[in-house]
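K.L.:
task: produce atomic coordinates for the following.
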Amino acid sequence: MLQSDESYEFVIANLNDKKSPRDKKVKDTVVAIVEEFFNSNSATILYLCSTSDGKQLTRGRLFKNWFDSYEYSNRFTMVTSTLVDEYGIDNIAALIIRNDNPKLGKILAEFGETIEMFSHKPTL
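P.N.:
Here you go, the predicted model:
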């Protein structure tokens, strides 16, 4: 999705397919992982919300809520976009980047251009 900078995909998977409870420890763990990632480098995090059970919009809102309530969220920029695939399914794609990244503007522009490209069906 991004060609101009180092980026990593962030995946949270429910491997046992059991309904996960609203557990504050899950939020705290995810926040700690993201925080540690950004303490170690200035790369970009990309994430997609799984569409496997149709709850991707809920996942996107939950992650945004976690991000917005993070005490140091002002150190980062998070951009979220909804893309509709060829089956009419909403897909949530998001980017998180440190505000002190020297390539911030270029990366945000490239993410926006990529989202725009995927938003339009090709003409044959």
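K.L.:
does residue 87 sit in a helix or strand, and which one?
P.N.:
Taking DSSP states H and E as the criterion, no element holds residue 87; it sits outside all helices and strands.
K.L.:
now do it, the pLDDT please.
P.N.:
The model reports residue 87 with a pLDDT of 86.
K.L.:
burial count for it?
P.N.:
A count of neighbours around residue 87, defined by other C-beta atoms under 10 Å, yields 6. (Each C-beta comes from the backbone N, C-alpha and C, glycine too.)
K.L.:
phi, psi of it?
P.N.:
Here is the backbone geometry of residue 87 (degrees, to the nearest 10): phi -100, psi 0.
K.L.:
what pairs with the helix or strand of the chain with the lowest mean pLDDT, parallel or antiparallel?
P.N.:
The helix or strand of the chain with the poorest confidence is strand 7-9; it has a mean of 82 (mean pLDDT, DSSP states H and E). Using DSSP bridges, the strands paired with strand 7-9 in its sheet are strand 44-48 (parallel).
K.L.:
to the chain's geometric centre, what's the distance from the strand it pairs with?
P.N.:
Per C-alpha atoms, centre = their mean, to the nearest Å, the displacement of strand 44-48 from the mean C-alpha position of its chain is 4 Å.
K.L.:
show residues contacting that strand.
P.N.:
Identification of contacts with strand 44-48 by C-beta atoms under 8 Å, 6 or more residues apart in numbering yields 1-2, 5-11, 34, 37-38, 63, 91-97, 101, 107.
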